[in-house]
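Colleague: sequence and computational prediction follow.
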Amino acid sequence: MIEPREESLLKALIENAIDGVIMIDSMGIIKQLNSAALKLFGYERDELIDRNVNKLMASPHSEKHDEYIKRYTETGVKHIIGIGREVEGLKKDGSLFPFDLAISELKHNDEHWFVGFIHDLTVIKESERRLKNYASSLENHVKKRTEELHSSNQRLHEEIEQRKKVEEALLESQELYKAIARNFPNGTINVIDTDFNYLFVDGKGLRDRGLDKTALIGTSYLDTIEIAFQTEVQEDLDLVLKGDYRVFEIRHGESYFILRAVPLHDKSGAVSEILLVETNITSQKNAEEEIYRTLKKEKELNELKSRFVSMASHEFRTPLSTILSSATLIEKYEDTLEHVKRLKHVDRIKSNVNNLNMILEDFISLEKLNDGILQTKKGPVRLVPFIREITDEMEGNLKTGQKFKLNIEDENIELVTDGHVLKNVMNNLISNASKYSDTGKDITISISNHHSQVQIGVKDQGIGIPVSESHQIFSRFFRASNAGNISGTGLGLHIVKKYIELLGARINFESVLGEGTTFIVLFEK
């Protein structure tokens, strides 16, 4: 039989485990289970004790579980014992959840029992098993019985029998202890002395790290910790030696672990050993980071929507009012002599429709870039004809008296790039050059080929960019303080920068306040 103290330690080990632990007999009847298992399945303890474990299984396994046990009992062939697998559990509310199941077999009071270890795979949870050092007390008990045998021949056969029972209980407890530690599913169970040297270590996490448990015995636990964490861990373990219970995180390579350190006391009440339970929380960390990234993206999207509403209420109102006013006036110009006036208002309508279309195009482009759905299709582009085609198309959109000047060093320059994306870049830069320059001011486009680099420059004679604001020029929704009443969304240059990065190129700019700005796109050949 197991001593009451050892029985309580064993129960504490099971009850304090973060992963679910369920013990069943050879008939599949639940004999013991811990709070973690109850929490996972959503039951009260009296709803499961002495009930068939198939109550916690999804179909068809619930109907076949008794057959599984019977087949193993008759054939001895192991299909899951000592191997483990991922299965689905059935909660009280009828919902299913996935978990990793590891099963060990043990002998309890001449009966075959099975221990199931349940690690929830839907959410990586903290796990812990409080292990108590009970082997020494049982061994002392055996020694005491041995001394009593020597002192009293009359009780010899009774003491021998008692010793056998105690030894059997010790072996049974040790086997269960080892089975739990060996199958600890997502980390390691460690017992260290007051000098932090290993007394015991096991668990699947140990094998995952390629460590030999036998070779670790007697060596320092701190030596297995990355140097960056050693001082912090030692400080926490020093507090455990004073009787504190500590929880902290460490990293082994690319994996993260949560550690729970429990002081183990000897008969005098002094801390003689430390129980350390390491649980791998890498998946949880990754999930948290993914949630953080998702929330950040959602926050940015909400901010984008808010700014869009604010910008749209301003940028859409003026051109729409102009369009409405011009359309109303056109209706009144019925006389053929007023044809010039009609054309003037038609031009105003066209211009404002173009402005609205550019605003919408900016938002469509930004959405595609943010969603990562814009893919490049690169091919050869003869740069000089390409630029001339763009200037021909955009000439009609320039202000009165504005015209293009081309500075071309080499007529035969060719790039391998996405012509459609590059055209969007040039259209945006040219539109800005025109918009932020006065009437009659030329726009200069230069093409040069220096060694292994091709440069395309767009130079205006406009308002320029304040030096103190130049670092924000490519930020989303940013507009320079000297933009005044010039219409714009603050998205154009942000989108240009994104396009340029998509092409694998770079963009720089030079600006003098009140004199103009030059944007330079650089391609490495």
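Modeller: In hand now; what should we look at? Numbers count the residues shown, from 1 in each chain.
Colleague: only C-alpha atoms for contact and neighbour calcs from this point on.
Modeller: Will do.
Colleague: any weak-confidence spans in the stretch 301-450 of the chain?
Modeller: Scanning the stretch 301-450 of the chain with the threshold set as pLDDT under 70 gives 304-322, 324, 331-338, 351-352, 354-363, 366-367, 370-371.
Colleague: for it, which segments count as strands?
Modeller: 379-382, 404-408, 414-417, 443-450 (DSSP state E, counting those that start in this stretch).
Colleague: and the gap between the residue lying closest to residue 496 once chain neighbours are set aside and residue 483?
Modeller: Once flanking residues are discounted, residue 496 sits nearest to residue 425: 5.4 Å by Cα to Cα, 6 or more residues apart in numbering. Distance, residue 425 to residue 483, using Cα to Cα, to the nearest Å: 21 Å.
Colleague: comparing those two, which shows the higher neighbour count?
Modeller: Using other Cα atoms under 10 Å, the more surrounded residue of residue 425 and residue 483 is residue 425, with 20 against 13.
Colleague: distance of that one relative to residue 188?
Modeller: Distance of residue 425 to residue 188, computed by Cα to Cα: 56 Å.
Colleague: what about the strands of the stretch 301-450 of the chain, which gets the closest to residue 344?
Modeller: strand 404-408 (24.2 Å; Cα to Cα).
Colleague: which strands and helices sit next to that closest one?
Modeller: Here strand 404-408 touches strand 443-450, going by 3 or more Cα pairs under 8 Å, 6 or more residues apart in numbering; DSSP states H and E.
Colleague: now do the strand it packs on against strand 404-408: the angle between them, please.
Modeller: Put simply, strand 443-450 runs at 10 degrees to strand 404-408, going by axes from the mean of the first three to the mean of the last three Cα atoms, to 10 degrees.
Colleague: got the angle for the next helix or strand after strand 443-450 vs strand 404-408?
Modeller: Moving toward the C-terminus from strand 443-450, the next helix or strand (DSSP states H and E) is strand 453-459. Counting by the same axes, to 10 degrees, strand 453-459 points 160 degrees away from the direction of strand 404-408.
Colleague: now strand 453-459, how far from the chain's geometric center?
Modeller: 40 Å (Cα atoms, centre = their mean, to the nearest Å).
Colleague: pull out the buried residues from that strand.
Modeller: 454, 455, 456, 457, 458, 459 (16 or more other Cα atoms under 10 Å).
Colleague: from these, pick the one nearest residue 523.
Modeller: residue 454 (5.1 Å).
Colleague: and the nearest residue to the closest one once chain neighbours are set aside, how far from residue 250?
Modeller: Leaving aside its sequence neighbours, residue 454 sits nearest to residue 523 (Cα to Cα, 6+ apart; 5.1 Å). Residue 523 sits 45 Å away from residue 250, going by Cα to Cα.
Colleague: with residue 87 instead?
Modeller: Taking Cα to Cα, one finds residue 87 at 30 Å from residue 250.
Colleague: show me which of these two is the more surrounded one.
Modeller: The residue with more neighbours, out of residue 87 and residue 250, is residue 250; 19 against 16, by other Cα under 10 Å.
Colleague: just the element for the more buried one, please.
Modeller: Per DSSP H and E: residue 250 is located in strand 246-252.
Colleague: ok now that strand, how far from the chain's centre?
Modeller: That offset, for strand 246-252, works out to 19 Å (Cα atoms, centre = their mean).
Colleague: buried set for that strand?
Modeller: 246, 249, 250, 251.
Colleague: tell me which element the residue found closest to the second one once you drop the neighbours it is linked to in the chain falls in.
Modeller: The one in question is residue 249. In this structure, residue 249 finds its nearest non-sequential neighbour in residue 258, 4.4 Å apart by Cα to Cα, 6+ apart. Using DSSP H and E, residue 258 sits in strand 255-265.
Colleague: sheet-wise, list the partners of that strand with their directions.
Modeller: strand 246-252 (antiparallel), strand 271-280 (antiparallel) (DSSP bridges).
Colleague: which parts of the chain are helices?
Modeller: 4-15, 35-41, 61-75, 135-151, 156-182, 204-208, 213-216, 227-241, 282-315, 317-332, 339-371, 383-394, 419-435, 492-502 (DSSP state H).
Colleague: span of stretch 200-218 from start to end?
Modeller: For stretch 200-218, the end-to-end distance is 9 Å (Cα to Cα).
Colleague: give me the number of residues near the residue nearest to residue 249?
Modeller: 19.
Colleague: so it touches residue 280, yeah?
Modeller: Yes: taking contacts as Cα atoms under 8 Å, residue 258 lies within contact range of residue 280: 6.6 Å.
Colleague: tell me the contacts of residue 368?
Modeller: Counting by Cα atoms under 8 Å, 6 or more residues apart in numbering, residue 368 touches residue 374.
Colleague: going forward, begin numbering at 263 instead of 1
Modeller: From this message on, residue numbering opens at 263, which makes the last subject residue 630.
Colleague: measure it to residue 276 for me?
Modeller: 53 Å.
Colleague: please apply the same query to residue 749.
Modeller: Counting by Cα to Cα, the separation of residue 749 from residue 276 is 70 Å.
Colleague: between those two, point out the one with more neighbours.
Modeller: residue 276 (26 against 16).
Colleague: and the gap between the residue lying closest to that one once chain neighbours are set aside and residue 278?
Modeller: Spatially, and ignoring its direct neighbours in sequence, residue 276 is nearest to residue 296 (6.0 Å; Cα to Cα, 6+ apart). From residue 296 across to residue 278, the span is 7 Å (Cα to Cα).
Colleague: and those two? Which one has more around it.
Modeller: More neighbours surround residue 296 than the other of residue 296 and residue 278, with 21 against 18 (other Cα under 10 Å).
Colleague: got the contact list for that one?
Modeller: Taking Cα under 8 Å, 6+ apart as the criterion, residue 296 is in contact with 276, 277, 278, 279, 282, 283, 284.
Colleague: distance check, it against residue 284.
Modeller: From residue 296 across to residue 284, the span is 7 Å (Cα to Cα).
Colleague: would you mind measuring from the residue nearest to residue 375 when sequence neighbours are not counted to residue 379?
Modeller: Among residues not flanking residue 375 along the chain, residue 287 sits closest, at 4.4 Å (Cα to Cα, 6+ apart). Noted for residue 287: a distance of 15 Å to residue 379, by Cα to Cα.
Colleague: what do you get for residue 735?
Modeller: Per Cα to Cα, residue 735 is found 58 Å from residue 379.
Colleague: with residue 736 instead?
Modeller: 55 Å.
Colleague: tell me which of those two has more neighbours.
Modeller: Comparing residue 736 with residue 379 by other Cα under 10 Å, the one with more neighbours is residue 379, at 23 against 18.
Colleague: my guess is the more buried one meets residue 280, correct?
Modeller: No: with contact defined as Cα under 8 Å, residue 379 does not count as touching residue 280 (10.3 Å).
Colleague: alright, calling it a day.
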